[in-house]
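[1] got a sequence here, can you model it:
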Amino acid sequence: MSPDAPPVRALIEASHALMCALFPADENHMLDLDALAGPDVRLWGAEAEAEVLGCVALQRHAGYGEVKSLFVAPEARGLGLGRKLLLHVEAVAREEGFSLLRLETGNKLAAAGALYAQSGYRQRGPFGGYAANGSSVFYEKPLGGGARISG
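    Numbers count the residues shown, from 1 in each chain. Next up, the predicted model:
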């Protein structure tokens, strides 16, 4: 899915607006549209009736995949789309040979933190180029060989 498609762009811009409203600029680690279109990133959307209601991206790193840009439009929250998107990115990461997923989220995003915890992610310290700050919460999940999830 291209981040430049108008409905996808609108959803990503809504996500960015929320992050900018909640967190200081230097503690925001969202990928911009150019980065989301980069060769090391894959982006998916959840659609219903030609409307994009959610998105998630997988950024590839040496030794692990990183979940980025998981966002569900306010009008679609509570439908389980966040969980479906997370399961999808996990399945793709497994297919691509990753044994570990990591992510960074904000401490004011309680629903996101609950989703990650319920999905088997465990808190950890900063990784990659991230530094500890007042807003970021870091998670990881080993992707063992168990049942495959198709999405």
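[2] just checking, what packs against the longest strand along the chain?
    As assigned by DSSP state E, the longest strand anywhere in the chain is strand 51-61. Where contact means 3 or more C-beta pairs under 8 Å, 6 or more residues apart in numbering; DSSP states H and E, strand 51-61 is packed against helix 6-22, strand 41-48, strand 64-72, helix 81-95. For the C-beta atoms, the positions are set from N, CA and C on the backbone; glycine is no exception.
[3] give me the contact list for the third one.
    Going back to what we said before, that points to strand 64-72. By C-beta atoms under 8 Å, 6 or more residues apart in numbering, the residues outside strand 64-72 that reach it are 11-12, 14-15, 18, 30-31, 36, 41, 43, 46, 53-60, 79, 81-82, 85-86, 89, 93, 96, 98-104, 112, 127-128, 140.
[4] what do you get if the cut-off is 7 Å, keeping everything else the same?
    The contact list for strand 64-72 (C-beta atoms under 7 Å, 6 or more residues apart in numbering) reads 11-12, 15, 30-31, 36, 53-59, 81-82, 85-86, 89, 93, 98, 100-103.
[5] what does the second one give?
    By C-beta under 7 Å, 6+ apart, the list of residues contacting strand 41-48 from outside reads 1, 3, 8, 31, 35-36, 52-59, 81, 84-85, 88, 92.
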